[in-house]
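1. following is a predicted model, sequence given first.
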Amino acid sequence: MSPFSNREPAERSARGIVVAGLRKRYGATLALDGMSFTVRPGVVTGFVGPNGAGKSTTMRVILGLDAVDEGTALIDGMPYRSLRSPLDHVGSLLDAAALHPGRSGRNHLLWLAHAQGLPARRVDQVLKLVGLASVARRKAGGYSLGMRQRLGIAAALLGDPPIVMLDEPFNGMDPDGIVWMRGFLRSLAAQGRAVLVSSHLMSEVQDTADHLVVVGRGKAIADAGVAHLIAAASAGRVALRTTAGTHAMRVLAHAGASVMATGRGTITVSGLPADRIVTLLSQSGVPFSEVSAHRATLEDVYLELTHEAVEFRAATPAKVSR
Ligand SMILES: Nc1ncnc2c1ncn2[C@@H]1O[C@H](COP(=O)(O)OP(=O)(O)OP(=O)(O)O)[C@@H](O)[C@H]1O
């Protein structure tokens, strides 16, 4: 048994979280518009989407903190409010700022542990796990945001839950903290836990999530494995490196391809196979140094999926009216 846990894997959640058809309106705002997805055990599921997409609202609904107009959110097959001992099923971090500033980190956790009937030794275990043991007796009011995130995660793990749900846990973390958090989340999943992690930045969940639920305007617009999403976004695209971008784009567009300048000297081409691109460029005397299968990044996948769903977007200079 690892220091993370006092349970055997068999005691872990078999069903994770199942969210189906959630709808919620706040006055004129439709915060959730048919949100559906599943969070499976043994996997880190990234819950990503632009600001205002409905991530926090969904998490509050899963935890029974907000009521919905329609739909269901089940934890291990039951609504949160029907679980006899909910903290044995799910641990969560929704707001790292929610702590008593005058209380030490350790006393904050002791207070929570007492309420759950857990022994003080579990508090010391989780403090060690999140790397706060050496500052545990300092007042939490003096903690940085990154330290508060760690304290919030320690609190979420007190009951050794098989399901862990964290809202924006990377917020305020320095680069070392981000690397630590990635490894930590992966180890929680490797122990068989179902892990749901929200972020509005794809770069944060990169190299961490195995599965992604991408949300926009209150609904899931993708619910798939990371490898699958990257393969789908890469399919049929060719990356071209050339010093004569304008000429190359004209030649390829004329032959029926869709072309997009994607960086300094690079163009992404779709609609033509690589060997045809090589022939066309050679025949037209366009210099190029590389023609290869395009491999999309997670950031590409995210931008493509959420393009229509961004609620607050800065106007581009061309669109600013005078
Ligand atoms: N208590 C509330 N009262 C009114 N509107 C709300 C409330 N909570 C959320 N909303 C609205 O519901 C929508 C979804 O908000 P939510 O906070 O769930 O999005 P989010 O994806 O978590 O965004 P962020 O990344 O900015 O945290 C937004 O338009 C938001 O303004």
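-> Perfect, thanks for sending it.

2. for stretch 98-106, which positions count as buried?
-> The neighbour-count check on stretch 98-106 (16 or more other Cβ atoms under 10 Å) flags 99, 104, 105, 106 as buried. All C-beta spots, glycine's among them, are computed from the backbone N, C-alpha and C.

3. what does stretch 290-304 give?
-> 291, 294, 296, 298, 300, 301, 302.

4. my guess is residue 65 is in a helix, correct?
-> No: using DSSP: H, G, I helix; E, B strand; the rest coil, the assignment for residue 65 is coil, not a helix.

5. number of residues surrounding it?
-> Around residue 65 there are 12 other residues, counting by other Cβ atoms under 10 Å.

6. check the gap between the closest residue to it other than its chain neighbours and the ligand for me.
-> The shortest distance from residue 65 to any non-neighbouring residue, by Cβ to Cβ, 6 or more residues apart in numbering, is to residue 94 (7.9 Å). Look at residue 94 and the ligand: by Cβ to the nearest ligand atom, to the nearest Å, they are 10 Å apart.

7. now residue 282
-> Taking Cβ to the nearest ligand atom, one finds residue 282 at 48 Å from the ligand.

8. doesn't that residue fall inside a helix?
-> Yes: assessed with three-state DSSP, residue 282 lies in a helix.

9. how about the strands in the stretch 51-200 of the chain?
-> 70-75, 90-93, 163-167, 194-199 (DSSP state E, counting those that start in this stretch).

10. okay, those, which one's buried deepest?
-> strand 194-199 (a mean of 26; mean count of other Cβ atoms under 10 Å).

11. who does it pair up with?
-> When pairing is defined by DSSP bridges, strand 194-199 lines up against strand 43-48 (parallel), strand 163-167 (parallel).

12. pull the CA atoms of the shortest one into PDB?
-> To tie it back to what came earlier, the one meant is strand 163-167. Taking C-alpha atoms only, strand 163-167 is exported to PDB below (Å, rounded to 0.1, in the frame of the first residue of the first chain):
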ATOM      1  CA  ILE A 163     -12.700  10.100  -7.100                       C
ATOM      2  CA  VAL A 164     -10.800  13.500  -7.100                       C
ATOM      3  CA  MET A 165     -12.100  16.600  -8.700                       C
ATOM      4  CA  LEU A 166     -10.000  19.800  -8.900                       C
ATOM      5  CA  ASP A 167     -11.000  23.200 -10.300                       C
END
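
13. how distant is it from the center of its chain?
-> Relative to the centre of its chain, strand 163-167 is centred 11 Å away, using Cα atoms, centre = their mean, to the nearest Å.

14. now do stretch 200-220
-> 4 Å.

15. is the ligand contacted by it?
-> Yes: Stretch 200-220 lies within reach of the ligand by Cβ under 6 Å from any ligand atom, at residue 200.

16. what comes up buried for that stretch?
-> Buried, per 16+ other Cβ under 10 Å, within stretch 200-220: 200, 202, 204-206, 208-220.

17. so which of the buried residues of stretch 290-304 are in strands?
-> Counting by DSSP state E, the buried residues of stretch 290-304 place residue 291 in strands.

18. just flag the most distant two among the buried residues of stretch 290-304.
-> Largest separation among the buried residues of stretch 290-304 by Cβ to Cβ: 291 and 302, giving 26.0 Å.

19. point to the residue nearest the middle of this protein.
-> Geometric centre of the chain, nearest residue: residue 46, 2.9 Å, by Cα atoms, centre = their mean.

20. quick one on the thing from earlier: residues contacting the residue nearest to residue 65?
-> 56, 59, 60, 63, 65, 167 (Cβ atoms under 8 Å, 6 or more residues apart in numbering).

21. the residue most distant from the middle of the chain, which is it?
-> The chain, farthest from centre, Cα atoms, centre = their mean: residue 283 at 46.0 Å.

22. got the contact list for it?
-> Residue 283 touches nothing, counting by Cβ under 8 Å, 6+ apart.

23. which pLDDT value goes with it?
-> At residue 283, the model reports a pLDDT of 95.

24. what's the distance between it and the ligand?
-> 50 Å.

25. and if you look at residue 265?
-> For residue 265, the distance to the ligand - Cβ to the nearest ligand atom - is 35 Å.

26. and for that residue, the neighbour number?
-> 15.

27. then the one 10 residues further on?
-> As a burial measure, the neighbour count of residue 275 was computed by other Cβ under 10 Å and equals 10.

28. tell me the secondary structure at it.
-> Classified using three-state DSSP, residue 275 is helix.

29. picking that back up, so can I have a markdown table of the strands of the stretch 51-200 of the chain showing mean pLDDT and distance to residue 224?
-> Output for those, formatted as a markdown table (pLDDT from 0 to 100; distance: least, Cβ to Cβ, whole Å):
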| stretch | mean pLDDT | distance to residue 224 |
| --- | --- | --- |
| strand 70-75 | 96 | 20 |
| strand 90-93 | 92 | 24 |
| strand 163-167 | 95 | 20 |
| strand 194-199 | 94 | 15 |
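
30. list the contacts of the residue nearest to residue 259 when sequence neighbours are not counted.
-> Residue nearest to residue 259 in three dimensions, not counting chain neighbours: residue 249, with 4.6 Å by Cβ to Cβ, 6+ apart. Listed by Cβ under 8 Å, 6+ apart, the contact partners of residue 249 are 259, 261, 267.
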